[in-house]
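Sequence first, predicted model second:
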Amino acid sequence: MHRVEILVLDDVVPFDMAAPLQTFDWTRLPDGRRPYRVRLCAESPEVRAEGFGLRIDRGLEALENADTIIVPGRSQEAGPPSERVLAALRRAAAAGTRIASVCVGAFVLAEAGLLDGLGATTHWFAAGELARRHPRVRVRPDVLYVDNGQILTSAGAAAALDMCLHMIRRDLGSAVAAHAARMCVVPLEREGGQAQFIVHERPPVPRGSALEPLLEWIEENLAGEITLGDMAERAGMSERTFSRRFREQTGTTPLQWLLRARVRRAQYLLENSDHSIERIARQAGFGSPTAFRERFRRVAGTTPHAYRAAFHARPGAAAAHS
């Protein structure tokens with residue numbers, strides 16, 4: 001039987017803990033047997049959760065015999081994990097144990113050094129902070145989960161279901177994973193590379209950077225044509241020098257930044273206006289509806305129509321829900 005230990009730290013987010021519990025608990029082999037044994041462990045027997053407390057009977061020593069360790073997310077007010085926790089995770093990793101994180105649980109793995117040099121994801125809202133705190137981690141904010149073989153990370157609680165089903169499929173095959181997906185009432189076919197529904201924030205730039213006025217100018221002129229030459233000229237540099245300095249300060253290329261700025265503008269308009277797709281394409285500077293649909297899907301991972309259906313703010317919707 002495959003032993004799954006969920007490492008519960010103080011200020012744990014219950015939803016993040018529930019996703020792997022549910023997925024592995026629902027898994028059955030064709031003969032009805034349970035292939036996974038899922039248990040909780042913690043550094044201390046009393047653990048704070050959002051709104052209530054938990055009593056955990058198993059300590060960190062349980063990690064020594066685990067086949068898989070899952071680290072759920074924690075609240076923003078949670079302090080750093082203790083050195084005992086980090087050391088236990090490092091020992092488990094050195095022993096070859098599979099280790100996965102849910103949402104901002106990626107910060108715990110990063111603190112332990114387990115994500116250095118690897119691709120990783122977390123909830124899009126925290127991706128910039130993860131990249132700032134841990135520059136050796138290749139943060140991928142626009143995917144559901146990242147599988148590095150032994151180390152896995154997932155975006156939010158829903159993405160954790162996708163990651164757990166992926167691990168089950170890897171362990172036991174597609175038929176068993178498909179049955180677990182049906183029991184959890186989720187689709188099996190969402191792949192890790194599918195984009196999160198994210199509102200893209202500006203890549204961070206150093207405070208006082210010479211790029212700040214340029215980025216503001218770009219945001220104000222998105223509806224018009226903006227070329228690399230236009231940006232370099234406004235910055236007073238050659239295109240080559242400008243491209244190099246832009247990447248150094250933002251972590252992306254000028255044209256990729258421009259594309260994401262246009263997608264951000266389009267997302268805002270899709271959420272907050274009833275403008276047609278054709279009009280939004282012009283307002284965000286995509287030139288044509290066809291180019292808009294193709295580039296929006298490439299960045300946001302869905303179509304403009306689907307994004308609007310999911311996030312459009314409808315007057316009176318909140319009152320009707322209440």
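Cool, the structure landed. Numbering: from 1, shown residues only.

Counting neighbours, show which residues of the longest helix along the chain come out buried.
Using DSSP state H to define each element, the chain has its longest helix at helix 254-272. Across helix 254-272, burial judged by 16 or more other C-beta atoms under 10 Å covers 254, 257-267, 269-270. Quick note: C-beta positions are derived from backbone N, CA and C, even for glycine.

for stretch 72-81, same thing?
72-74, 78, 81.

With stretch 33-48 instead?
Applying 16+ other C-beta under 10 Å to stretch 33-48 flags 36, 38, 40-43, 47-48 as buried.

As TSV, the buried residues of stretch 72-81 with distance to T290 would be great.
Listed next are the buried residues of stretch 72-81 as TSV, based on distance: C-beta to C-beta, whole Å:
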residue	distance to T290
P72	42
G73	39
R74	44
A78	46
P81	48
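
Start and end of stretch 31-49, how far apart?
Stretch 31-49 has its terminal residues 37 Å apart, counting by C-alpha to C-alpha, to the nearest Å.

Give the next helix or strand downstream of whichever strand or helix holds M17.
M17 is located in helix 14-25, with elements delineated by DSSP states H and E. Per DSSP H and E, helix 14-25 leads on to strand 36-42 as the next helix or strand towards the C-terminus.

Give the pairing partners of that following strand; include direction for each.
strand 2-8 (parallel) (DSSP bridges).

I would like the residues contacting the strand it pairs with, please.
The contact list for strand 2-8 (C-beta atoms under 8 Å, 6 or more residues apart in numbering) reads 17, 20-21, 24, 35-42, 47, 54, 56, 58, 60, 62-63, 65-72, 85, 89, 171.

quick one: buried residues of it?
Applying 16+ other C-beta under 10 Å to strand 2-8 flags 2, 4-8 as buried.

cool, stretch 279-296 as well?
Within stretch 279-296, judged by 16+ other C-beta under 10 Å, the buried ones are 280-281, 283-286, 289, 292-293, 295-296.

need those residues in JSON lines with distance to D116, can you?
Converted to JSON lines, those look like this (distance: C-beta to C-beta, whole Å):
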{"residue": "I280", "distance to D116": "41"}
{"residue": "A281", "distance to D116": "41"}
{"residue": "Q283", "distance to D116": "42"}
{"residue": "A284", "distance to D116": "37"}
{"residue": "G285", "distance to D116": "38"}
{"residue": "F286", "distance to D116": "38"}
{"residue": "P289", "distance to D116": "43"}
{"residue": "F292", "distance to D116": "38"}
{"residue": "R293", "distance to D116": "38"}
{"residue": "R295", "distance to D116": "33"}
{"residue": "F296", "distance to D116": "34"}
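
Which ones among those residues map onto helices?
Checked against DSSP H, the buried residues of stretch 279-296 include these in helices: 280-281, 283, 289, 292-293, 295-296.

Which of those sits closest to D142?
Taking C-beta to C-beta as the measure, D142 lies nearest F296 of these, at 12.8 Å.

P304 is in contact with the closest one, correct?
Yes: between F296 and P304 there is a contact under C-beta atoms under 8 Å: 5.3 Å.

joint contacts of the two?
A266.
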